[in-house]
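K.L.:
A predicted structure for the sequence below; I have some questions about it.
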Amino acid sequence: MAIDVPRLRLHLALAMISAAVIAYQIALMQILSVVQWHHFAYMIIAVALLGFGAAGACLSLLRPWLMIHFASLLPLAMVLSGAAMALMTGIAQSSWVRFDSLLLFTGISQLLRLLLTYCLYFLPFFLAALAIGMIFVHAAGDIGRLYFWNLTGSGAGGAAMTGLLWLFPPPMLPGLVALLAIAAAMLVLPEGRHGPVFSRKVIGGAGILPPTEGCAAEQHSGAPGRHPPKRWRRLLIVAALLSGLTAVFSLIRPPVLILSEFKGLSRALHLPDARITHERSSPYGLMQIFSSPALRYAPGLSLTYQERIPVRKSVFNNGEWFGAVVPRQEKEQETFLDYTTGALPYVLETRRRVLILDAGTGSLISQALSRGALQITAVEPHPAILSFLSSELAGETGDLFHHPSVSIRNLSSRTFLFLDKSQYDLILLPTIDAFGGASGLQAVREQYLLTREAFRQIWRKLTPRGVISITCWMDYPLRHPLKILATLAEVLEEEGIGNIRDHLAAVRGWGTVTILAKKTPLHTAETEKIRRFCRILLFDPALLPGLRTAERMRFNGLQDGRFFLYLDAILSPSRERFYADYAFNIRPATDNRPYFSQFLRWRSIPDLAGLYGARTFPFLEAGYLLVLLTLLQVVIIAVILIMLPLHFLRREGECRISVLLYFSGLGIGYMFVEIVLIQRFLLYFGNPIYAAAAVISCMLVCSGIGSLLSARWIRKRVHALTVFTLIILLILLHSLLLTPVLQSTIALPPAAKIIFSLLLIAPAALVMGMPFPLGIRLLTGTADQDIPWAWGINSCLSVVSAALATVVAVELGFVWVMVLAAVAYCITFLGGWTGLLRPEAFRRFS
Amino acid sequence: MKSLYFILGFTLLLVAAVPEDAHHTSRREAMVGSQIAARGVTDPATLRAMGTVKRHLFVPEASLADAYDDRPLPIGYGQTISQPFIVAYMTEIIHPQQDHRVLEIGAGSGYQAAILAEIVRNVYTMEVIPELGRAARERLRKLGCRNAEVRIANGYDGWPEQAPFDAIVVTAAAEYIPPPLLKQLKDGGRMVIPIGSPFLVQTLMLVEKKGAQITTTQLMPVRFVPFRGSP
């Protein structure tokens, strides 16, 4: 029996629920990044997304029953997923569920809470995925269109949420998304005796539903459906209304987000008279301005400083320290920054033209002004902080950002380096491993400003007497300063500098070390100025032409005196051997492997455990370890979800391996390409959020169009061969040519860059959208019961590959991720060639 | 008859209490042996104090079973009671003497102050979180630490009324050393302070003041809660 669901409404509902899933995922990422740390957010979302795999398994096992009750269960799943979206954040934030990431290693109760959080967030994804899967199975013959609406909806959901993040605070977002899921359910509520719940006339009047609309059931491949009894329809309406009310209530009274008590903001709020004076939500995070009469800021201050350290307002992003609001200093006015190792470049001479990269809250701008700089260019990618500092906090900063000598650029620093043609006397990089600790949690965050290629660009922007200055916190085990020095040393050698030691100076205080690289050799008068600077402020020179060993530890002793041996080894011809022998990975980061703070080597784990104890060392490289942990979890769950239906569905299916390889390869290949493209366009657009939104939306919409075209274009086996050849060729072309092409067009105007990006992404995305609907079409009619299983495999592997791509990029680089994407498509094709794509499967198309 | 019931009840109480106390005592002894002495802390006064002060009275009820474990434990408000070895190490490194006056910044549970109070003449400890400060004060009072005084205030300004100090122990991570604390350190005095990122890894640092000369020595990596007054 046909189910009377108009096709367009079904398609619209599919697009809306798909949009809701993506939007909910982004909203949850934002919320969990605020209350915990973004790695834990990533881990939870990855597991929750396996709701798709679970839905696939569930559909495989219960397909006949689900198809019989399709008309009732479809809206029910959507309604419940909407209700779950609205409710879960509040429940997860309640005192009996809330977990704390930093206590996970301290006891079983926190692990149980984490598990409960997984389950809570799993539910809305599972229900939404069940709805999507049911539509796919119900109308598998129409898979081209369904996949188009699915992908287009997902793309639109991602783009819309990027916009919503500017407008609404994070706790309100799930409620908004829930309304979308419930609205999708309303579109597919079963029709009553006197017409649909939403009058056809009204929808048609709005131009949504043409009068000639057909029924999806015409193509349905499932078991015959059953009209639900009238009372069911009423129940569904009541459920939808209640869910809608829940979502509205969660908008009126959004859940209070309770930050981990160990986050910077939580701790700061314990200070006397602490308060948040301003806050602003954006895709970059929730930025909050904090004030307390007890908060002072003076990182790495010399012990000779005798003045009172002033109280400062501070900025927190997602509950973590971002910077302090420093007032503008007039020329020659002394600041506490003059008592830090970071003052080193100003010791040599006055710097007229200064470039400050990742300027943050502007303290280095203030220092440059006080040291007589005449032209300061400050680059900061975070728009919310620039907005705060030039409006609400303009009084606090003395209108620093509107000073006639200061020019602000809202762009990623690396993109600025590509665009800018100026020369500078001094280029300042942000402090490495600043308070807040990049040593562990930043490990898998790409830092394109600290790669060898970036340093080379910076070096070429220096005037003949210009210097680069970088300050790092002294860490232990020693990693950051060594990697910075190694990067500088390699770049200087590449630039043809003969004796690199003559161009380098490093000064160490009790906590920080500032490394300076000068375009021309440091002469004796300059080295004497540096020595005097060190004597006055109780610092020690660590690198200087003509430096004696006894000078290196005069005021500040080290637990590990080998630091100086390491510095010397990096500047010696045996640098490569040192890289290989050292316990941590300190080889310079590159644009291909831009993980500056990822130092972990497997063989260094025993050293870390020895230093910190087995329970605490994970925090050292927490970011990377969490990615590995996530990968392990999702692989285990994915294997279970893929194998479980197989166990119950033993039957005559002869091409199960083929189906497995085909849909696994597609899941991995597609996601790998998407992740690499986001990375490549991140530098191009200079903004990670917009790069991700643009790439994801463009890919999904173009793939959707490819899906629509697939039924028309792929009718013979040779067509499939052509499509796969095209995909593999395009991926290989991208991996070889994309970077140089993007670099050569980076200076184009923004509108032209967007069009150019579309032209670059669209062809690959278009053809990559074809194999999935092709596979489903080939299963339709011959192995219908495998459709949900195949869809589940694809979903599971997409989640697995998101984590796997990061691991491959960290270990081998992004080029290898792209190569492996091509390999995945080869496996897809070869796996399908002898089974799913066999000649007789195509006969019915012709 | 009443006195018989009293004696019986008292005996029962003792019987119930002794194993519990003996359990903690044996765990404390094991802690001193395996976690502290085995890692190189040799100062007899420090070892004696670590063996005397009942750490389990300074941890929340929920963490009682873990009181003598080799790790820091949360005590609320984003704070922790430090790992036993770190408490002992920081005590030993300031070379505490019987006639010393010691300032502690970051009382937390009051455990470090109680250890110091076993060794030196006066301990002045400051805590910025009122709830923690009051609880620490009450705990130290109940334990009879009459030579330990708690002040609820921001540690940045130190305790000028009681300065100068022979030693200053800062038990919360900082990214700067407050100038007032350096001023309140006696000539020849020692300050120990964890420096660096909160909750990741900090470096324990020794600051020594000899006339106008101030030197620092990095000692070892540790994990602490952050210094109030730093973000």
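P.N.:
Here it is on my side, so go on. Residues are numbered from 1 along each chain as shown, chains lettered A, B, ... in the order given.
K.L.:
Now for the chain, the helix or strand with the poorest mean pLDDT.
P.N.:
Picked chain A for this. helix A:200-205 (a mean of 34; mean pLDDT, DSSP states H and E).
K.L.:
Which parts of whatever helix or strand comes next after that helix count as buried, going by neighbours?
P.N.:
Downstream of helix A:200-205, the next assigned helix or strand under DSSP states H and E is helix A:230-252. Of all the residues in helix A:230-252, those buried under the rule 16 or more other CB atoms under 10 Å in any protein chain shown are A:232-233, A:236-237, A:239-240, A:243-244, A:246-247, A:250-251. (Glycine included, C-beta is placed from N, CA and C.)
K.L.:
try stretch A:268-279
P.N.:
A:268-271, A:274.
K.L.:
That one and chain B, are they touching?
P.N.:
Yes - residues of stretch A:268-279 contacting chain B under CB under 8 Å from any CB of the partner chain: A:268, A:270-272.
K.L.:
ok, the closest residue in space to residue A:594 that isn't next to it in sequence to residue A:623 distance?
P.N.:
In space, and not counting its chain neighbours, residue A:594 is closest to residue A:446: 4.3 Å by CB to CB, 6 or more residues apart in numbering or on different chains. Note on residue A:446: its distance to residue A:623, by CB to CB, to the nearest Å, is 11 Å.
K.L.:
more crowded one of these two?
P.N.:
residue A:623 (26 against 23; other CB atoms under 10 Å in any protein chain shown).
K.L.:
Which helix or strand contains the more buried one?
P.N.:
Going by DSSP H and E, residue A:623 is part of helix A:622-648.
K.L.:
helices or strands up against that helix?
P.N.:
helix A:38-49, helix A:51-68, helix A:438-441, helix A:787-811 (3 or more CB pairs under 8 Å, 6 or more residues apart in numbering or on different chains; DSSP states H and E).
K.L.:
quick one, that helix and helix A:787-811 angle?
P.N.:
Orientation check (axes from the mean of the first three to the mean of the last three CA atoms, to 10 degrees): helix A:622-648 against helix A:787-811 gives 160 degrees.
K.L.:
what's the angle between helix A:622-648 and helix A:38-49?
P.N.:
Using the same axes, to 10 degrees: helix A:622-648 against helix A:38-49 is 10 degrees.
K.L.:
Report the buried residues of helix A:622-648.
P.N.:
A:622-628, A:630-631, A:633-635, A:637-638, A:641-642, A:644-645.
K.L.:
top strand in chain B by residue count?
P.N.:
strand B:185-196 (DSSP state E).
K.L.:
Kindly spell out which helices and strands sit in contact with it.
P.N.:
helix B:84-93, strand B:165-170, strand B:172-173, strand B:202-210.
K.L.:
Quick one: closest of those to chain A.
P.N.:
strand B:202-210 (5.6 Å; CB to the nearest CB).
K.L.:
any idea how far residue A:167 is from residue A:23?
P.N.:
Taking CB to CB, one finds residue A:167 at 13 Å from residue A:23.
K.L.:
Which of these two has more residues huddled nearby?
P.N.:
More neighbours surround residue A:23 than the other of residue A:167 and residue A:23, with 28 against 11 (other CB under 10 Å).
K.L.:
Quick one, grab the pLDDT at that one.
P.N.:
With respect to pLDDT, residue A:23 has a value of 92.
K.L.:
shouldn't it be in contact with residue A:177?
P.N.:
Yes - if you go by CB atoms under 8 Å, residue A:23 and residue A:177 touch, sitting 4.7 Å apart.
K.L.:
ok, so of the buried residues of stretch A:268-279, who is nearest residue A:47?
P.N.:
Distance to residue A:47 across these (CB to CB) is lowest for residue A:269, with 30.2 Å.
K.L.:
which residues of the chain fall in strands?
P.N.:
This is for chain A. A:275-282, A:285-291, A:314-317, A:320-324, A:353-357, A:375-379, A:406-409, A:424-428, A:462-473, A:504-508, A:512-518, A:540-543, A:556-557.
K.L.:
Oops, wrong one, chain B.
P.N.:
Under DSSP E, chain B gives strands at B:73-76, B:79-81, B:101-105, B:122-127, B:148-152, B:165-170, B:172-173, B:185-196, B:202-210, B:213-222, B:225-226.
K.L.:
Show me where chain A dips below the pLDDT cut-off.
P.N.:
A:1-5, A:39, A:105-107, A:192-228, A:329-332, A:433-445, A:607-622, A:647, A:649-654, A:845-846 (pLDDT under 70).
K.L.:
run the last query once more with 50
P.N.:
A:1-3, A:194-223, A:434-441, A:615, A:618 (pLDDT under 50).
K.L.:
Residue in the stretch 551-700 of chain A with the shortest distance to chain B?
P.N.:
Counting by CB to the nearest CB, the stretch 551-700 of chain A gets nearest to chain B through residue A:557 (3.5 Å).
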